[in-house]
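**Student:** generate a structure from the sequence data that follows.
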Amino acid sequence: MNHFFENIEFTFGSVDSDIKPCEIIISENQKLSQKLKDQVFSYNSPKQTNTSFYVITVPIEGKELYELKRFIWNQNDYDLFFLAEKPESNLLFTLFYAKTSPKDTDTKIAAFSGDDNDCQEIEKIKKWNFESGAFWLAYSDFVEKIKNKSRIDSKLVEQLKELKHRLTKEFNNKPEIQHSIVQALIDRTLFIKFLEDNHIINSFFYKKRFPNRFNENDIDFGFKTLLKEHDVESINKLFGIINKLFNNVLFKTPVVDPEFLTTNVLRLIYEAISQHDWKDGQLSLFDFRFDVLPVEFISHIYEVFLENNQLKEGIYYTPDKLAHLIIEDTISELGTVLDPSCGSGMFLVLAFRKLLGFISNEPTKVDEKIEQRNKMLNDYIFGIEKENTAWRLTVLSLYLELLKGIPAEEIKLYINHKIEDNSETPIFPYDFSANIINCNALETEEGLRPHEGKSFKYIVGNPPFFTIKSENEEIQFLREFRKVINGVEVKAKDIVGHNQISQAFMLKLKDWSDVETHFGFVQNSSNFYNEKSANFQKFFFTNYRVERFYELSRVKDILFRKAKESVVVAIFNNKQVENNVLDYYPVEMGLFSKTFDLLIIQEDKKIKISQQDILDKKVVLRDYLIGNEHDLRLLRKLSNNKKLEEFLLKDKRYSSIEGLKRISSKDLETQYKGLEIEDTGLYAIEHLQFAKERYLKESITDYSNTPYIYQPENKIKAFGILGVDGYMSRYDVNKSNFQRTRNIFIYEGDKIVFNRFGRRIEAAYINFDIFFSNLIYGIKIELKDYYPLFVAILNSDIVDYYLTQKFRKRVDDNFANLDTKAIKNIPIPNDLDEELVGEISKISKALTEGNLKYEGETKEELNNLIYELYGLNILEKNRVKHFFEKDRIATESDVNKYADSLKQTIDLFFEDKPVIQHYRGENFGFGLIVIALYFNGAEREQPSSKTTLQYLITNKILRSTGEKFLTMREIMIGENCIYVIRNNSSKSWTTTKAFEDGQEILKRLSR
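**Tutor:** Numbering: from 1, shown residues only. I've put the predicted structure just below:
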């Protein structure tokens, strides 16, 4: 055994070795635990390589192998495990993937005999491959399988959702208590399972508390027996004992009346914690081991209890990797921690864990150890949670974390001793649950405000993102909250934009903090990008000193998958902002972020930004959202032109560019009795019904003689109108039919109409009367001769590029849209060259009249003329063109053009010109392409382009640069060589990208 691992360059077998001895104790299977004794070893890989593994040096098979897989999967610490094979198999070890359901049989990666036939396979598992993560490069085919494997946290949530669904149906006739009883039954079941899995309550406990009740030889024992036999009296007795013994408020309220513990209810819970499949192949709670399951995964249970309306309103559980980032960045020493919107307790669990790390003198006696931890929870951990469900889960998570890391055997003996002595002293002497207040964090009534008068060393969290409505209780906070900050009175109603509750939380933080407080918060992106939040932005950057700002829009898919809006993370404090320079991180998806669920923070991508420049509006954070420094340079150039607003018709009747705004949802409710906003959402059907009844006709009549467009989709295209929604009369444009009608003048005669929502403007010139909704903008130009020019400009790629980069909201989210500020600030060239204007207008007229189609050569010619009108150089033109190119797999021609452009960009700066070669993996799972620049004859020492890409990356790139495979940067610099490595997307290998890469290479070499 030792020889095998030494042969692949690991040291093996001692506490100082790479592969150290450890233990796996499967407490309910003493035979298996004994078999594993002294036969288990482990290797802990560097961060973000995902190559940690167990070595099991004894053959395990059948049900025992299932138990072993179940343990490792639940523990979630190891990615792989080597399992010894029987001697007669002629194999030494088989290597398995560990982070998937124990029921998954397709987990074998490779097998090894240990003889000379293994040479090629042995190369793949040498120590350096695990250290660098290049192991996954060697087994790229298996990586594709990983994408479909079952993460334990998602499987736990899936199983609990099924249990909740089935239990809820049992209480359909009791809607007033349905939710609270189901919640209580589930969290009590989880806590009991935790205690039993850890053998904290065991046969001794049950015999002592329930004499003559159990038969030790039964397959089922303890709680499962009580459930199976429908022993309601004993179940409630067990709840009471746990409440008293553990001082656990979750078992105190609500009281679960015996009538609720029906045969069906107990059967469902029994099935959930037994090996019972509700669906073919589905796991039961039996498959989850709460003695090793990470406590933070319990926080994911929050998702189970989130109602649909909460998800719609922006209430989400926090991904653990995001919570880890905030806790690591915020908490630096022992101090009190508050989470004012603690959800299911993720932040508080991780905060408590970090605080424990600051304690150097932990007692040796288990009772003193528990008391010390319990007191720390009581002294340092505080929370607020409005939803009772989430509050209970926070308390549950903290109870579990309190016992984490204390050997179960020690706890079991301690509890047995207390039971023998009939001690009335609870195991947890401090009831810390009072620190976690179940109320509204934005409460305004004196005496009811949570944690009033307290200040905290650290405040962290992820507040909800929804808009506060008039019927929400938080509306009182917006109306009443005021506070003097730095000598200036601040009122919530003046600061909070669009009634956004997360902004209200940022204001409320001042009540719980002092000058030494540090903060770490998830916030919705619109708080910092939306013009309706300008007052909030000024407040935030004036009153908080920002240390780090993580822009996470590009990694939304691995964070808040269900969220409609992207998020940012801000780390900040209460110090003065003068002369502060914050670190801005534009976090991007790595090549393997999705597959391995990695959040990669790259220090070399960090941008230093003066906080005062943000306040002075010299820097707009949104500008960094989509583009890079090269895009910003072009945007600044375009912004130095005139603005569209300067060319709009000067007429007092022309007061708005928006169209007719339909009646409000409340007015619609009045019209159609019984509608409820929560149930019918946008009322699309009812609004259409109202329109047809009141003003909209399908065909033209003497009365309804003016066309009307409500939805621009399939009605307005570039340079033309495809159709209308119907016809109406100008006399029906009134307050009874519309919220806002605008001046009739906007709908008359010459105008350009275009869509407000969508990923691109589609603009058309119209010279007749037409009504349109506020989903459409209508502009009138002062000089009529300019209509053809301006409709061409609005449809152009350069304007679309500018608006997308600078103004379009929710670019990658639902309802991408432009506001009126964006439209009025569209850049128009300072110099409208007469000849160019004439050529553009001629093509534009032909398109409007239907004599040309806006596609192919015509579209390209028109865009090129407009580029010239704006004075763009070749690099700038290419930047815009490549921005809109459809993505595809890069061709050999694409890569050659990239290589030529890169060489042209950097050649001038090197006396010894680099030699450029490129490599791609045709039969390689990741679809990677590498461009290599060799200096000083280094190409002669490198592999030829015929050498496999796998060999190049493993033996040359990673070794020479020290990068990790899963997190490697796109540009890596080694000795006499530079490598650019990306996927085979055509957008990764444009000439524009070559110029950017060349500039980045020169910048890094000059440091």
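**Student:** I'd say Pro464 and Gln500 touch.
**Tutor:** No - assessed by C-beta atoms under 8 Å, Pro464 is found out of contact with Gln500, at 9.7 Å. Just so you know, the C-beta spots here come from the backbone N, C-alpha and C atoms, and that holds for glycine as well.
**Student:** more crowded one of the two?
**Tutor:** Per other C-beta atoms under 10 Å, whichever of Pro464 and Gln500 has more neighbours is Gln500, with 25 against 20.
**Student:** contacting residues for the more buried one?
**Tutor:** Phe465, Phe466, Thr467, Ile468, Asn524, Ser526, Asn527, Ser533, Phe536 (C-beta atoms under 8 Å, 6 or more residues apart in numbering).
**Student:** cutoff 7 Å now
**Tutor:** Thr467, Asn527, Ser533 (C-beta atoms under 7 Å, 6 or more residues apart in numbering).
**Student:** just the buried members of those residues?
**Tutor:** Asn527, Ser533 (16 or more other C-beta atoms under 10 Å).
**Student:** kindly reformat the contacts of Gln500 as TSV and extend each row with distance to Glu693.
**Tutor:** Below are the contacts of Gln500 laid out as TSV (distance: C-beta to C-beta, whole Å):
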residue	distance to Glu693
Thr467	30
Asn527	40
Ser533	38
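**Student:** sort out for me which of the contacts of Gln500 are in helices.
**Tutor:** Among the contacts of Gln500, the ones falling in helices (DSSP state H) are Asn527.
**Student:** and which of the contacts of Gln500 is nearest Val980?
**Tutor:** Asn527 (35.8 Å; C-beta to C-beta).
**Student:** let me know whether the closest one touches Phe536 as I believe.
**Tutor:** Yes - with contact defined as C-beta atoms under 7 Å, Asn527 counts as touching Phe536 (6.1 Å).
**Student:** what do these two both touch?
**Tutor:** Shared contacts of Asn527 and Phe536, defined by C-beta under 7 Å, 6+ apart, comprise Gln503.
**Student:** do you know how far Glu196 is from Phe205?
**Tutor:** Remark: distance between Glu196 and Phe205 (C-beta to C-beta, to the nearest Å) = 9 Å.
**Student:** could you do Asp153 as well?
**Tutor:** 30 Å.
**Student:** which intervals of the stretch 351-500 of the chain have sub-threshold pLDDT?
**Tutor:** 424 (pLDDT under 70).
**Student:** so which residues of it form helices?
**Tutor:** 366-380, 388-403, 408-420, 475-480, 492-495 (DSSP state H, counting those that start in this stretch).
**Student:** output the ones you listed in TSV, with distance to Glu121 appended to each entry.
**Tutor:** Putting these into TSV (distance: least, C-beta to C-beta, whole Å) gives the following:
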stretch	distance to Glu121
helix 366-380	46
helix 388-403	41
helix 408-420	39
helix 475-480	64
helix 492-495	63
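**Student:** show me what Phe96 is bridged to.
**Tutor:** Beta-bridge pairing for Phe96 (DSSP bridges): Phe81, Lys108.
**Student:** the stretch 251-400 of the chain: strands as residue ranges?
**Tutor:** Using DSSP state E, counting those that start in this stretch, the strands of the stretch 251-400 of the chain run over 337-339, 381-384.
**Student:** quick one, which of the ones you listed gets closest to Glu857.
**Tutor:** Comparing the strands of the stretch 251-400 of the chain by C-beta to C-beta, strand 337-339 comes nearest, at 59.5 Å.
**Student:** how far off centre is the closest one?
**Tutor:** Remark: strand 337-339 is offset 22 Å from the chain centroid, using C-alpha atoms, centre = their mean, to the nearest Å.
**Student:** pLDDT wise, what is the nearest residue to Glu578 once chain neighbours are set aside at?
**Tutor:** Distances taken as C-beta to C-beta, 6 or more residues apart in numbering put Gln612 closest to Glu578, at 7.6 Å, once the chain neighbours are dropped. Reported pLDDT at Gln612 in the predicted model: 96.
**Student:** next, count neighbours for Gln612.
**Tutor:** 15.
**Student:** and the host helix or strand of it, what does it pack onto?
**Tutor:** Using DSSP states H and E, Gln612 sits within helix 611-615. Packed against helix 611-615 by the contact rule (3 or more C-beta pairs under 7 Å, 6 or more residues apart in numbering; DSSP states H and E) you find helix 534-543.
**Student:** got the contact list for the helix it packs on?
**Tutor:** Helix 534-543 is contacted from outside by 485-486, 490, 494-497, 503, 506, 527-528, 577, 611, 614-615, using C-beta under 7 Å, 6+ apart.
**Student:** picking that back up, for the helix holding Gln612, what is the distance to the chain centroid?
**Tutor:** That offset, for helix 611-615, works out to 27 Å (C-alpha atoms, centre = their mean).
**Student:** wait, isn't Phe81 in contact with Thr57?
**Tutor:** No - at 11.2 Å, Phe81 and Thr57 do not qualify as touching, with contact defined as C-beta under 7 Å.
**Student:** neighbour count: these two, which is higher?
**Tutor:** Phe81 (22 against 18).
**Student:** one step back: can you select the buried ones among the contacts of helix 534-543 for me in PyMOL?
**Tutor:** Buried subset of the contacts of helix 534-543, written as a PyMOL selection, criterion 16+ other C-beta under 10 Å:
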select buried, resi 490+495+496+497+503+506+527+528+577+611+614
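**Student:** most distant residue from the middle of this protein?
**Tutor:** Centroid-distance maximum for the chain: Asp702 at 55.5 Å, with C-alpha atoms, centre = their mean.
**Student:** tell me how far it lies from Asp732.
**Tutor:** For Asp702, the distance to Asp732 - C-beta to C-beta - is 14 Å.
**Student:** now flag whichever of the contacts of helix 534-543 is closest to Ser433.
**Tutor:** Lowest distance from Ser433 to the contacts of helix 534-543 (C-beta to C-beta) belongs to Met506, with 27.2 Å.
**Student:** so what's that closest one closest to, chain neighbours aside?
**Tutor:** Using C-beta to C-beta, 6+ apart and skipping the chain neighbours, the partner closest in space to Met506 is Phe540 (6.1 Å).
**Student:** can you tell me how far the one you found is from Val546?
**Tutor:** Phe540 sits at a distance of 8 Å from Val546 (criterion: C-beta to C-beta).
**Student:** show me the strands in the stretch 1-150 of the chain, by range?
**Tutor:** 20-22, 40-43, 53-56, 80-84, 93-97, 108-112.
**Student:** got TSV for these, with distance to Thr263 and mean pLDDT too?
**Tutor:** Shown next, in TSV, are those (distance: least, C-beta to C-beta, whole Å; pLDDT from 0 to 100):
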stretch	distance to Thr263	mean pLDDT
strand 20-22	45	96
strand 40-43	43	97
strand 53-56	43	98
strand 80-84	42	97
strand 93-97	41	95
strand 108-112	43	94
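**Student:** these into CSV, with extra columns for distance to Pro429?
**Tutor:** Listed next are the strands of the stretch 1-150 of the chain as CSV, based on distance: least, C-beta to C-beta, whole Å:
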stretch, distance to Pro429
strand 20-22, 33
strand 40-43, 36
strand 53-56, 38
strand 80-84, 41
strand 93-97, 44
strand 108-112, 49
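**Student:** which one of these lies nearest to Leu648?
**Tutor:** strand 93-97 (62.3 Å).
**Student:** got the residue ranges for the strands in the stretch 801-950 of the chain?
**Tutor:** Counting by DSSP E, counting those that start in this stretch, the strands of the stretch 801-950 of the chain are 827-828, 915-920, 928-934.
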